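A.B. asks: Let me see the structure of the following:
(chains A and B)
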Amino acid sequence: MPLWLEIIINVAFSYIASVGFALTINVPRRALHLAGVSGTIGWMVYWFISRAGMGRMLSNLSGAFVIGILGLFFARMKKCPVTVFNIPALVPLVPGVPAYQAVRALVNGDIFEAEASILRVAIVTCAIALGILLSTMVTEMFYRSKRFYRQRRNRL
Amino acid sequence: MDKPNAEFYQEVLDICLTAGRLMIEGGSEMYRVEDTMLRIARNAGIRDPRVFATPTCVFMSLDGGDLSQMKQIRDRNINLELVDRVNELSRRFATKEITINELKRKITEVYYTPAFPLWIQVIGAAALSATLMVLFIDNYDWVDFPAAAIVGALGYLAYVGFKRFTKVRFLSELIAAMVMALVTITITHLFPKMITDNILIGALMTLVPGLAFTNALRDLFMGDLLSGIVRIFEATLTALALGGGVAIVIKFLGA
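C.D. replies: Below you'll find the model as predicted:
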């Protein structure tokens, strides 16, 4: 399959997935489209970084970081709470495959396999939370420095 | 502004507690809940409001601590429309667009906000499971695509339907996971080309509490240790219910 087709499929499907999840948790109508856009961009960042072979943790962290920044930006634009954009957008990053593999390994009685999968789930979850945290920090710093410079300009 | 007397305080307290309850029921973060309640109280002209919010209860005291009440919260799910509406009302109250009486009336109306109709939610669940299955499995198998959509939709229907009948938490997740596993195994029996694991990974994503986990970690990082721990535990129990449901069926039927 050529690369451009893969990119098109990934963009379209991550958008559909985010909007689909947003429908099941009753996101306000005016935020639906932007939640999908945020999910698409976050997933594409994750996808490219993990394709570049930089590992699970870094790719999830950067995906969540981008989603967090976009969420704060959209929240200021649409005057909605940040969660409205973040929760649907993070759905494609949720570690569903290792979680399922852990259950499957437990059913088969393969304890060591299950332990490895559960550890993988924990690492990915922590990476996502760290990404969101970092994005909150960066945006706060950005707005604070912007306000600082504006005040200084006014004083001069 | 009204004279600050006992009745006025009681009214403000009622409004704030209702707002907090609605936001927690909608799945908001704790610092946002506390922030909104404090804002409403301050904009009503009260000098020293105090708030403590946990996922199961909100406490608030006004008048220097002389008047304090709490409100219990029984059911929590994710309904972001509630959070958004309460936030909007609080903002409009802050800009003096609505008075405190209007705020009181509107906030009791928020509870009856219409959700998306069930068929739209089911379509959302179907689209989500089919597309996420393709994204996760990374080798683009189109064979399982329709099956994942059907299983996701049926599982979500079972979850919503069963949730109305029972008061036991986590039971509806368990039943939904069992329904998903049963349908999937039936489908793979009929069409042996399909893969059970792939279909189930996609379909289970409709109910997976990965976001509850992320929210819980955010609460922890914000310093709301109690809510963070409670939420992590809740998410873990949900995950166990889902995994258990799938495991029981696979173990009995063998797949």
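A.B. asks: Could you pull up the residues touching residue 17?
C.D. replies: Since you didn't name a chain, this refers to chain A. A:Gly39, A:Val91, A:Pro92, B:Ala127, B:Leu128, B:Thr131, B:Leu132, B:Leu135 (C-beta atoms under 8 Å, 6 or more residues apart in numbering or on different chains). For every residue, glycine as well, the C-beta is placed using N, CA and C.
A.B. asks: Chain B, not that one
C.D. replies: Neighbour list for B:Leu17: B:Met37, B:Val58, B:Met60, B:Gln69, B:Met70, B:Lys71 [criterion: C-beta under 8 Å, 6+ apart].
A.B. asks: which one of those is nearest chain A?
C.D. replies: Nearest to chain A among the contacts of B:Leu17 is B:Met37, at 14.3 Å by C-beta to the nearest C-beta.
A.B. asks: Quick one: neighbours of that closest one, just the number.
C.D. replies: 27 (other C-beta atoms under 10 Å in any protein chain shown).
A.B. asks: Against B:Phe59, how distant is it?
C.D. replies: 10 Å (C-beta to C-beta, to the nearest Å).
A.B. asks: again with A:Ile9
C.D. replies: According to C-beta to C-beta, A:Ile9 and B:Phe59 sit 50 Å apart.
A.B. asks: Secondary structure added to the contacts of B:Leu17, as TSV?
C.D. replies: Formatted as TSV, the contacts of B:Leu17 follow (DSSP: H, G, I helix; E, B strand; the rest coil):
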residue	secondary structure
B:Met37	helix
B:Val58	strand
B:Met60	strand
B:Gln69	strand
B:Met70	strand
B:Lys71	strand
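A.B. asks: Could you tell me which of the residues you listed count as buried?
C.D. replies: Buried members of the contacts of B:Leu17, scored by 16 or more other C-beta atoms under 10 Å in any protein chain shown, are B:Met37, B:Val58, B:Met60, B:Lys71.
A.B. asks: So which elements touch the helix or strand where B:Thr188 lies?
C.D. replies: B:Thr188 is part of helix B:171-190 when elements are defined by DSSP states H and E. If you count contacts as 3 or more C-beta pairs under 8 Å, 6 or more residues apart in numbering or on different chains; DSSP states H and E, helix B:171-190 packs onto helix B:145-165, helix B:196-204, helix B:225-253.
A.B. asks: Just the mean pLDDT for the first one, thanks.
C.D. replies: In this case it means helix B:145-165. The average pLDDT within helix B:145-165 is 91.
A.B. asks: Using PDB, write out the CA atom coordinates for that helix.
C.D. replies: The C-alpha trace of helix B:145-165 is given here as PDB (Å, rounded to 0.1, in the frame of the first residue of the first chain):
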ATOM      1  CA  PHE B 145     -14.200  -4.100   9.300                       C
ATOM      2  CA  PRO B 146     -18.000  -4.700   9.200                       C
ATOM      3  CA  ALA B 147     -17.800  -7.300  12.000                       C
ATOM      4  CA  ALA B 148     -16.100  -4.800  14.400                       C
ATOM      5  CA  ALA B 149     -18.800  -2.200  13.600                       C
ATOM      6  CA  ILE B 150     -21.700  -4.700  14.300                       C
ATOM      7  CA  VAL B 151     -20.100  -6.000  17.500                       C
ATOM      8  CA  GLY B 152     -19.300  -2.500  18.800                       C
ATOM      9  CA  ALA B 153     -22.900  -1.300  18.100                       C
ATOM     10  CA  LEU B 154     -24.500  -4.400  19.800                       C
ATOM     11  CA  GLY B 155     -22.200  -4.100  22.800                       C
ATOM     12  CA  TYR B 156     -22.900  -0.500  23.300                       C
ATOM     13  CA  LEU B 157     -26.700  -1.100  23.000                       C
ATOM     14  CA  ALA B 158     -26.300  -3.900  25.600                       C
ATOM     15  CA  TYR B 159     -24.400  -1.500  27.900                       C
ATOM     16  CA  VAL B 160     -27.000   1.200  27.700                       C
ATOM     17  CA  GLY B 161     -29.900  -1.100  27.900                       C
ATOM     18  CA  PHE B 162     -28.600  -3.000  30.900                       C
ATOM     19  CA  LYS B 163     -27.600   0.100  32.700                       C
ATOM     20  CA  ARG B 164     -31.300   1.100  33.100                       C
ATOM     21  CA  PHE B 165     -32.100  -2.200  34.800                       C
END
